[in-house]
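Student: Give me the fold of what follows.
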Amino acid sequence: SSANNEVNEDTAESFQCAINRHCVTDPVLSPEGVVFERATILNWLKTQGSVCPVHHTPLTADDLREDPSFNERLCRWRVREALIQQSAISQAEGAAGDEYDF
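Tutor: Numbers count the residues shown, from 1 in each chain. From the prediction side, this is the model:
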């Protein structure tokens, strides 16, 4: 399905805060679709003024929105990454465990 294709194209960069480049845990989007960690952009707006750090256009806390489809993609990506990591750990443990099989 097209939804699966979209999910498969997501990378770690898709979920990075535009300010600090950390993977977001409480994401909000600007009207232009820029992804921010909520606490990070709120701090930015408080300390730097009501301007988007990416587009340099007016931006206020009220302009920020949550996006349920983005949050779902983030959740799916996190699960997929955790499964990949777990699989790698299991393979490494399996390889190391073979020498002790009697």
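Student: In contact with Asp14, which residues?
Tutor: To be clear, residue 14 is Ser; Asp isn't right here. Contacts were defined as Cβ atoms under 8 Å, 6 or more residues apart in numbering; by that measure Ser14 touches 35, 73, 77. (Glycine included, C-beta is placed from N, CA and C.)
Student: And the pLDDT for Ser90?
Tutor: You'll see Ser90 listed with a pLDDT of 80.
Student: in the host helix or strand of it, what counts as buried?
Tutor: Of the helices and strands defined by DSSP states H and E, Ser90 is found in helix 68-98. Within helix 68-98, the residues that count as buried by 16 or more other Cβ atoms under 10 Å are 70, 73-74, 76-77.
Student: would you list these in CSV and tack on distance to Ile84 and pLDDT?
Tutor: Formatted as CSV, the buried residues of helix 68-98 follow (distance: Cβ to Cβ, whole Å; pLDDT from 0 to 100):
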residue, distance to Ile84, pLDDT
Phe70, 21, 95
Arg73, 16, 94
Leu74, 16, 94
Arg76, 13, 94
Trp77, 10, 93
